[in-house]
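Visitor: task: produce atomic coordinates for the following.
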Amino acid sequence: MTNQILNRCLALDDELYATQIIDNYLAQIPGFVLVKATTDVYEGIRLVNEGLIDLVFLDIQMPELNGLQFLKICGNNCKVILTTAYPEYALDGFNLDAVDYLLKPIEFERFQHSLTKFLALKSSTTPSSAPAKDHIFLKGDSKNTFHRVAFEDILYIEGLNNYISVYTTKHRIVTYMALKDILEMLPAAQFCRVHRSYIISLTHIHLIDGRQVYISQKSISISEGYKTGFYQLINGQ
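Guide: Numbering: from 1, shown residues only. Model (predicted):
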């Protein structure tokens, strides 16, 4: 009989009974083992960073450190399936590469589907060959509408108080987000903030004239506070 490779799981939730549901579901599915069920997010971080966990079932509303913060810290060391009663965090979860987003109460069939997605993702990539992310999802004007935007299509982004306006090669998207937050989601080698109100794509620059950058038909000023970082980036320093 061939030994089956077990996928090591962590259930992390601020309510212990919720982790017990995950435990019960996993016990019914071959190939998965629950290493730990805990309400302690810092214990979860330790287990992941020690290389003991392959898949985390993660609640978002956690005390001290929420699930999205956990994803930013540990997302490169494990896969994560979000388990939450709050649908409004789905976009953030997928932008941080969560495998799936399970809404409570979680049905067993939906749980099985998430594990199938995890296994498919695991079989298609390895730690040394995982494909680089090439897009981001942005919320649209209407409820439950999301735009998939390829990084290569973004020309520049303009900050508008609590909103941003993303100009692409195809269209313009206005969405509720801070400029600094979208900058964290963009590849640092490709995008640069050049002004309090602007992020630009280095790929689409066709002219730099002193303190002015020209992208498509737009002229954008490079402000004093950002000029050093900009010139270091374009000069490869």
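Visitor: outline the domain layout of this protein.
Guide: Per automatic domain parsing, the structural domains of the chain span 7-124, 135-234.
Visitor: tell me which residues are up against the lowest-mean-pLDDT helix or strand in the chain.
Guide: Lowest on mean pLDDT, DSSP states H and E among the helices and strands of the chain sits helix 90-95, with a mean of 79. Residues outside helix 90-95 that contact it (C-beta atoms under 8 Å, 6 or more residues apart in numbering): Ile60, Leu68, Leu71, Leu82, Tyr101, Ile136, Phe137, Lys139, Phe146, Met185. In short, each C-beta sits where N, CA and C put it, glycine included.
Visitor: could I get the CA-only coordinates of that helix as CSV?
Guide: Taking C-alpha atoms only, helix 90-95 is exported to CSV below (Å, rounded to 0.1, in the frame of the first residue of the first chain):
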residue,chain,number,x,y,z
ALA,A,90,-13.8,38.6,-0.6
LEU,A,91,-12.1,41.0,-3.0
ASP,A,92,-9.3,41.7,-0.5
GLY,A,93,-8.8,38.0,0.1
PHE,A,94,-8.5,37.1,-3.6
ASN,A,95,-6.1,40.1,-4.2
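Visitor: what comes up buried for it?
Guide: Buried residues in helix 90-95, defined by neighbour count with 16 or more other C-beta atoms under 10 Å: Ala90, Leu91, Asp92, Gly93, Phe94, Asn95.
Visitor: got TSV for the residues you listed, with distance to Tyr167 too?
Guide: Shown next, in TSV, are the buried residues of helix 90-95 (distance: C-beta to C-beta, whole Å):
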residue	distance to Tyr167
Ala90	25
Leu91	20
Asp92	22
Gly93	26
Phe94	23
Asn95	19
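Visitor: tell me the one of those residues nearest Ala11?
Guide: Distance to Ala11, by C-beta to C-beta, is smallest for Gly93 among those, at 16.7 Å.
Visitor: gap between that closest one and His171?
Guide: Distance, Gly93 to His171, using C-beta to C-beta, to the nearest Å: 25 Å.
Visitor: widest-spaced pair of the contacts of helix 90-95?
Guide: So, those by C-beta to C-beta: farthest apart are Ile60 and Ile136, at 19.3 Å.
Visitor: pick out whichever of the two has more residues nearby.
Guide: For Ile60 versus Ile136, the count of surrounding residues by other C-beta atoms under 10 Å is larger for Ile60: 24 against 18.
Visitor: tell me where this protein has helices.
Guide: Ranges of helices within the chain are 16-26, 41-49, 67-74, 90-95, 108-124, 179-185, 224-234, based on DSSP state H.
Visitor: rewinding a little: need the winner for burial among the domains of the chain.
Guide: domain 7-124 (a mean of 17; mean count of other C-beta atoms under 10 Å).
Visitor: just give the nearest non-adjacent residue to the residue most central in space within the chain, would you?
Guide: With distances taken as C-alpha atoms, centre = their mean, Leu96 lies nearest the centre of the chain, 1.0 Å away. Nearest residue to Leu96, sequence neighbours excluded (C-beta to C-beta, 6 or more residues apart in numbering): Leu71, at 4.4 Å.
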